[in-house]
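Enquirer: got a structure for you, letters missing:
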């Protein structure tokens, strides 16, 4: 008897939104991702631009916590996160901040961020690991749903 094997497809290219008002940091992060993996990347300097482009269906969003460096009246990261989750609660959002404060991290998680990363020399490596984890979870969820449908 041959058992049916279910294969879960992970997209060949992950669509990644990077949102940060620090243009230099944003460009460096984009370059890091492009050099180390095959991503489709869209970058935005404000939360408003990110929200406007959600129709491009990102797989993951990396979102800065502050977002007021360019325009003091711009939405901050938490407001942007809340809007993203209202529009599509299934998009994993990783918050990124220069603030190494536990209360900031807890606030982000309370607002349904997938994770919180402090901007540092190791931030990119940590982000890579988080994205890998996100897709492991998505794969497990799809497999579980596939098996549950057959019971």
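Expert: Nice, I can see it. Keep in mind that this is a model prediction, so the values were computed, not measured.

Enquirer: nearest spatial neighbour of residue 45, skipping sequence neighbours?
Expert: Nearest-residue entry for residue 45: residue 21, 5.4 Å, with adjacent residues in sequence omitted and distances by Cβ to Cβ, 6 or more residues apart in numbering. For every residue, glycine as well, the C-beta is placed using N, CA and C.

Enquirer: quick check: phi and psi on residue 125?
Expert: Main-chain dihedrals, residue 125, degrees, to the nearest 10: phi -60, psi -40.

Enquirer: so who does the most centrally placed residue in the chain touch?
Expert: Compute the mean C-alpha point of the chain, and by Cα atoms, centre = their mean the closest residue is residue 61, 2.7 Å away. Going by Cβ atoms under 8 Å, 6 or more residues apart in numbering, residue 61 touches 16, 17, 19, 50, 84, 91, 92, 93, 94.

Enquirer: neighbour-wise, which one of those residues leads?
Expert: Ranked by neighbour count (other Cβ atoms under 10 Å), the contacts of residue 61 have residue 19 at the top, with 28 neighbours.

Enquirer: isn't it up against residue 66?
Expert: No: between residue 19 and residue 66 there is no contact under Cβ atoms under 8 Å: 10.8 Å.

Enquirer: please enumerate the shared neighbours of these two.
Expert: With Cβ under 8 Å, 6+ apart, residue 19 and residue 66 have common neighbours residue 77.

Enquirer: on that earlier part again, which residues touch the residue nearest to residue 45?
Expert: 45, 46, 64, 66, 67, 68, 69, 70, 74.

Enquirer: give me the subset of those lying in helices.
Expert: With DSSP state H as the criterion, helices contain none of the contacts of residue 21.

Enquirer: TSV please, covering those and showing pLDDT, distance to residue 135 and neighbour count.
Expert: Below are the contacts of residue 21 laid out as TSV (pLDDT from 0 to 100; distance: Cβ to Cβ, whole Å; neighbours: other Cβ atoms under 10 Å):
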residue	pLDDT	distance to residue 135	neighbour count
45	94	27	19
46	94	27	20
64	96	22	27
66	89	28	16
67	90	26	25
68	76	31	15
69	70	31	14
70	69	32	11
74	83	30	18
